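[1] need a 3D model of the following:
(one chain, ligands or ions: 1)
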Amino acid sequence: LKADLSCQMLVLGAGPGGYTAAFRAADLGLQTVLVERWSTLGGVCLNVGCIPSKALLHAAKVLDEAHEVADCGIEFTPPKVDIDKLRGWKEKIVNRLTGGLSGLAKQRKVQVVNGVGTFLDPNHVEVIGNDGKKTVVRFEKAVIAAGSEAVKLPFIPDDPRVIDSTGALELASVPEHMLVIGGGIIGLEMATVYAALGSKITVVEMLPGIIAGADKDVVKPYFTRIKKRYENIWLETRVTKVEATAAGMKVTFEGKQAPAEPQLYDRVLVAVGRTPNGKRIGAEKAGVAVDERGFVQVVDTQMRTTQPHIFAIGDIIGQPMLAHKAVHEGKTAAEVAAGLPSHFDARVIPSVAYTDPEIAWVGVTEEEAKAKGINYGKGVFPWAASGRALSLGRDEGMTKLIFDAETERVIGAGIVGTNAGDLIAEVAHAIEMGSNATDIGLTVHPHPTLSETIAMAAEMFEGTITDLI
Ligand code: FAD
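    Take a look at the predicted model:
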């Protein structure tokens, strides 16, 4: 096969997994080509995921706080939102990061080839550019990092009023009534943004609870807060029909909390999960196995696929679909391809919902521990007893640590409250290091901080707690 370009390492997809793999491979001396169908690097996370959502969530928090500080004697006139300026600000952040990545690629002499790549055989990828130009790239080794995309519900009509997370982040306008289908992290983060901007939100979820991965008691303070703010949160309920009418999207529900009549919405956000892109890359031609759901099969902790010189990482290989998982896997794949003895061997991967309050968890949840019959103990510290939480005006949080009852090693944690996502990293580290409750309790945490709640929870488990402020 005649190639237009040859390289030692080809990376397919420039998301957090792909650009990490490409940069690491180049740093280790491999001549690297990075294939990306979009015009910017950074994948879902930087362009239409983690980063733009967090920018808008920051704006939402400021808006909410402008109301809430009234309690401490500060009153603002109701804030005005210039939606074009807000959108522009979010785009500036995204552009700064994706532009930064382009610079880093150039610095390392990573050659970016723009277009849709598909495997032709185990050593060639064909890239078709937006202009239809075909480039065949021959590679010695490859990393598949083609990510995932939002799941579509087949019975929902094509209509500009029906959006996925990418549409929600575009921030075209602020609808009056918005339906969020799916009570997972992505749907609820977007609900947080639109609620702060003034939309009346209804959330519908098939399962008995929202944020299904975390323990119910950890989710509860968040649930209590949004129950007061949102129009409806319907659990164990599903959408069965959506019709486009001039008056709005007419939605029919079925299930435990379903309203009897169809309801009208100006905007419907579908956030029912993400599906891997494994079936769209010609993997079979490269001898790379893909399962029926579209996940590329990885056969070892060195990120190899069923074709030993082709690796796969990130959302395309399985759950959890998180950027920090993709990054670590990408680094491993590049190092192994360059001949280093690396493995991806994380004990735990933390999850965070950047809602308000934030919900974060890592390792074994209490519900999992119960279901698996693990002999566990727990330490729970309510933030109502944290001086820092009180002085932030937000005392609804909670820090819960799960310990192995015999070794007293920490095996999991759930935290709900302001900045829970930042706090959970300490517990992830403690689990990786095999720390026990005494290690955590004896570590001097700065006072007054929310991080103290972790040490306090460990002391609660040990029964050595001395004060609660
Ligand atoms: P992706 O980021 O999906 O990148 C894949 C890249 O491959 C894309 O650029 C795509 O264009 C390209 N590609 C695909 N097929 C081809 C092809 N055939 N040829 C060429 N290029 C191709 N995760 C977190 O950890 N924290 C968060 O706060 C967070 N927030 C999120 C918010 C939203 C709204 C969404 C949608 C996701 C969020 N995620 C978050 C998930 C996170 O974005 C993903 O886990 C992460 O981007 C996965 O990285 P990846 O490298 O596997 O793939």
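
[2] ok, the nearest residue to E396 once chain neighbours are set aside - contacts?
    If you skip the residues right next to it in sequence, E396 has P221 as its closest partner in space, 4.1 Å away by C-beta to C-beta, 6 or more residues apart in numbering. C-beta: built from backbone N, CA, C; applies to glycine. By C-beta atoms under 8 Å, 6 or more residues apart in numbering, the residues touching P221 are P357, E396, G397, M398, V416, G417.

[3] which strands and helices sit next to the helix or strand harbouring the fifth one?
    Right, V416. Using DSSP states H and E, the secondary-structure element containing V416 is strand 410-417. Contacts defined by 3 or more C-beta pairs under 8 Å, 6 or more residues apart in numbering; DSSP states H and E place strand 410-417 against helix 216-229, strand 358-363, helix 366-371, strand 398-404, helix 420-432, helix 452-462.

[4] can I get those in CSV with mean pLDDT and distance to F155?
    Rendered in CSV, the data for the helices and strands packed on strand 410-417 read as follows (pLDDT from 0 to 100; distance: least, C-beta to C-beta, whole Å):
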stretch, mean pLDDT, distance to F155
helix 216-229, 98, 27
strand 358-363, 98, 31
helix 366-371, 98, 32
strand 398-404, 98, 39
helix 420-432, 98, 35
helix 452-462, 96, 45
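
[5] nearest to S6, of these?
    Closest approach to S6 among the helices and strands packed on strand 410-417 (C-beta to C-beta): helix 420-432, 39.7 Å.

[6] the biggest helix by length in the chain near the ligand at all?
    Counting residues, the longest helix in the chain under DSSP state H turns out to be helix 83-107. No - with C-beta under 6 Å from any ligand atom as the criterion, the ligand is not reached by helix 83-107; the gap is at least 10.2 Å.

[7] show me which of the contacts of P221 is closest to the ligand.
    Sorting these by how near they are to the ligand, with C-beta to the nearest ligand atom, puts P357 at the top with 15.4 Å.

[8] right, and the closest one touches I415 too?
    No - using C-beta atoms under 8 Å as the test, P357 is too far from I415 to be in contact (9.4 Å).

[9] the two: who's more crowded?
    Under the neighbour definition other C-beta atoms under 10 Å, P357 and I415 were set side by side, and I415 has more, 33 against 22.

[10] residues contacting the more buried one?
    Taking C-beta under 8 Å, 6+ apart as the definition of contact, the neighbours of I415 are 218, 358-361, 397-400, 423-424, 427, 453-454.

[11] tally of neighbours for P175?
    Taking other C-beta under 10 Å as the criterion, the count of residues near P175 is 22.

[12] list the contacts for it?
    Contacts were defined as C-beta under 8 Å, 6+ apart; by that measure P175 touches R161, Y194, S199, Y265, D266, R267.

[13] so the second one sits in a helix?
    Yes - remark: Y194 belongs to a helix, assigned using DSSP: H, G, I helix; E, B strand; the rest coil.

[14] okay but it is in contact with V174, surely?
    Yes - with the criterion set as C-beta under 8 Å, Y194 and V174 qualify as a contacting pair; they are 6.7 Å apart.

[15] give me the more crowded residue out of the two.
    Y194 (21 against 16).

[16] enumerate every residue touching that one.
    Applying C-beta under 8 Å, 6+ apart to Y194 gives the contacts A168, V174, P175, M178, I201.

[17] confirm the fourth one sits in a strand?
    Yes - read with three-state DSSP, M178 is one of the residues of a strand.

[18] walk me through which strands the strand holding V416 pairs with, and which way each runs.
    Strands that pair with strand 410-417, judged by DSSP bridges, come out as strand 358-363 (antiparallel), strand 398-404 (antiparallel).

[19] in the stretch 51-200 of the chain, which residue sits nearest the ligand?
    When scored by C-beta to the nearest ligand atom, the stretch 51-200 of the chain has G147 as its residue closest to the ligand, at 2.0 Å.
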